[in-house]
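Novice: Turn this into a structure:
(2 chains)
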Protein chains: 2
Amino acid sequence: MKHLIEKHIKSESIYKGHLLGVRKDTVKTPGGREAVRDVVEHPGAVAIVAITDDQELVFVRQFRQPVGEIVLEIPAGVPKKGEAWLDAAKRELKEETGYRAGKIRKIFQAYTTPGYSNEVLEYYLAEDLVQLKPHPDEDEYVEVDLIDLETCVDMVKNGKINDNKTIIGIMIATMADEVRGNPRLKSGE
Amino acid sequence: MKHLIEKHIKSESIYKGHLLGVRKDTVKTPGGREAVRDVVEHPGAVAIVAITDDQELVFVRQFRQPVGEIVLEIPAGVPKKGEAWLDAAKRELKEETGYRAGKIRKIFQAYTTPGYSNEVLEYYLAEDLVQLKPHPDEDEYVEVDLIDLETCVDMVKNGKINDNKTIIGIMIATMADEVRGNPRLKSGE
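Specialist: Down below sits the predicted model:
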């Protein structure tokens, strides 16, 4: 598939923020023309699909300035410098929701928006949860909510859950539920 | 949930690109402190879940400069100025893949990355496909591929499909397949 590949010519840094950067890349297209691609640089993040023993999913509600509303999301965050991503997943879950995971494993990773950003998101499934006290970052105001899986699926269908990673988290939880042989989410119901 | 809301104080424009913009917002947190939020401005996009009569999903492969690799994705694109989003979905499907949809409808919409961007993505389900000739944009080099639904689900699980909107597209296709009563993707198999 070499005929699809663009050749990098140069990069120009536009902005370096606290977390995000922006650069302008000039490339040569497979057709030989020069083209410009804006790229948002992001360090990557972890998202945690945390399921209680009662088959409820753990959510956080928080105000998101970019979209100007409170969004219901699965817990997520950016690993600290030098921190293993699995440790970041455990830490973010505990800080944001107060839950410690007895069992946690990576499911897969995916790009959030490969057309304009290099952000990769690793999805973790957390089970055997023990409830401790949440301690979110300073400047982070979140509210924890537990919602049973069946309701989550309905909330995706009716648009009450409207965040890409959270929709994928619910898909992961549904798959885990099926693997466990839980009959509630069998297809056709 | 008013106790979660941040109050907007001011916005400073950092960059205006061809498609993306970046601004720096200053807000007052619920705790009364000032905080800065970097915001990527994006006009929004449509993504099309196109299913052939043989229950195959229509994909495009294209080189994505931000992640430096060829990514397998469902067709997607940005509506033109003044264009209805449904029309954009029909147009992008036809331009990128050559398929005209006899039936197309919006399933839901979701934010791609509400933590730092305002991008909203509308998902469309396209059926009764008729194959014409693709005519991608100048500077757009894509290769069309058809993959049966069962294989798609495996490719999500083994990481060969690694794009958030595409994973959600496969979930939508699976739901549509179940609604149709197709037994191949029943849980537990």
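
Novice: which SS class is A:H135?
Specialist: Using DSSP: H, G, I helix; E, B strand; the rest coil as the criterion, the local structure at A:H135 reads coil.

Novice: Tell me who's in contact with the residue nearest to it when sequence neighbours are not counted.
Specialist: With C-beta to C-beta, 6 or more residues apart in numbering or on different chains as the criterion, A:H135 has its nearest non-adjacent residue at 5.7 Å, and that residue is A:E95. For the C-beta atoms, the positions are set from N, CA and C on the backbone; glycine is no exception. By C-beta atoms under 8 Å, 6 or more residues apart in numbering or on different chains, the contact set of A:E95 is A:G77, A:P134, A:H135, A:P136, A:D137.

Novice: Which one (most neighbours) among these?
Specialist: A:G77 (20 neighbours; other C-beta atoms under 10 Å in any protein chain shown).

Novice: Packing partners of the helix or strand hosting A:F59?
Specialist: In this structure, A:F59 sits in strand A:56-64 according to DSSP states H and E. Using 3 or more C-beta pairs under 8 Å, 6 or more residues apart in numbering or on different chains; DSSP states H and E as the contact test, the elements touching strand A:56-64 are strand A:45-50, strand A:69-73, helix A:85-97, strand A:142-148, helix A:149-157, helix A:164-179.

Novice: Next, the angle helix A:85-97 makes with that strand.
Specialist: Strand A:56-64 runs at 80 degrees relative to helix A:85-97, counting by axes from the mean of the first three to the mean of the last three C-alpha atoms, to 10 degrees.

Novice: Quick one: mean pLDDT for strand A:56-64?
Specialist: The average of the pLDDT scores along strand A:56-64 is 97.

Novice: May I see the buried residues of that strand?
Specialist: For strand A:56-64, a neighbour-count test (16 or more other C-beta atoms under 10 Å in any protein chain shown) marks A:E56, A:L57, A:V58, A:F59, A:V60, A:Q62, A:F63, A:R64 as buried.

Novice: what's the pLDDT at the residue nearest to A:H135?
Specialist: So, for A:E95, pLDDT stands at 94.

Novice: Would you mind writing the CA trace of the strand holding A:F59 as CSV?
Specialist: The C-alpha trace of strand A:56-64 is given here as CSV (Å, rounded to 0.1, in the frame of the first residue of the first chain):
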residue,chain,number,x,y,z
GLU,A,56,-22.9,-1.3,37.1
LEU,A,57,-20.5,0.9,35.1
VAL,A,58,-18.6,3.7,36.9
PHE,A,59,-19.0,7.2,35.3
VAL,A,60,-17.9,10.7,36.0
ARG,A,61,-19.8,13.8,35.2
GLN,A,62,-17.8,16.9,34.5
PHE,A,63,-18.1,20.3,32.9
ARG,A,64,-16.2,20.3,29.6
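
Novice: can you name the farthest residue from the center of chain A?
Specialist: A:G32 (36.3 Å; C-alpha atoms, centre = their mean).

Novice: what's the helix or strand where A:Y124 lies in contact with?
Specialist: Taking DSSP H and E as the criterion, A:Y124 maps to strand A:120-131. Strand A:120-131 has contacts (C-beta under 8 Å, 6+ apart) with A:44-53, A:58, A:76, A:85-86, A:89-90, A:93, A:98-112, A:165, A:168-169, A:172-173, A:176, B:67, B:164.

Novice: Please check those residues and keep the buried ones.
Specialist: A:44-52, A:58, A:76, A:85, A:89-90, A:93, A:98-99, A:101, A:104, A:107-108, A:110-112, A:165, A:168-169, A:172-173, A:176, B:67, B:164.

Novice: who does the residue lying closest to A:V60 once chain neighbours are set aside bridge with?
Specialist: Among residues not flanking A:V60 along the chain, A:V142 sits closest, at 4.4 Å (C-beta to C-beta, 6+ apart). For A:V142, the beta-bridge partners are A:Q62 (DSSP bridges).

Novice: Let me see the contact set for A:V142.
Specialist: Here A:V142 is in contact with A:V60, A:R61, A:Q62, A:E96, A:P134, A:P136, B:L4 (C-beta under 8 Å, 6+ apart).

Novice: now the residues you listed as CSV including distance to B:N158?
Specialist: Shown next, in CSV, are these (distance: C-beta to C-beta, whole Å):
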residue, distance to B:N158
A:V60, 29
A:R61, 33
A:Q62, 32
A:E96, 29
A:P134, 34
A:P136, 35
B:L4, 38
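
Novice: tell me the two of these that are most distant?
Specialist: Pairwise distances across the contacts of A:V142 peak at 14.0 Å for A:P134 and B:L4 (criterion: C-beta to C-beta).

Novice: Can you give me the end-to-end span of stretch A:139-155?
Specialist: 28 Å (C-alpha to C-alpha, to the nearest Å).

Novice: so how far is it off the chain centroid?
Specialist: In this view, stretch A:139-155 has its centroid 14 Å away from the chain centroid, taken as C-alpha atoms, centre = their mean, to the nearest Å.

Novice: Averaged pLDDT, it. What do you get?
Specialist: Here the average pLDDT along stretch A:139-155 is 92.

Novice: list the buried ones in that stretch?
Specialist: The neighbour-count check on stretch A:139-155 (16+ other C-beta under 10 Å) flags A:Y141, A:V142, A:V144, A:I147, A:L149, A:C152, A:V153, A:M155 as buried.

Novice: There's contact between the fifth one and A:V58 in this structure, I believe.
Specialist: No - counting by C-beta atoms under 8 Å, A:L149 stays clear of A:V58, with 11.6 Å between them.

Novice: Noted, bye for now.
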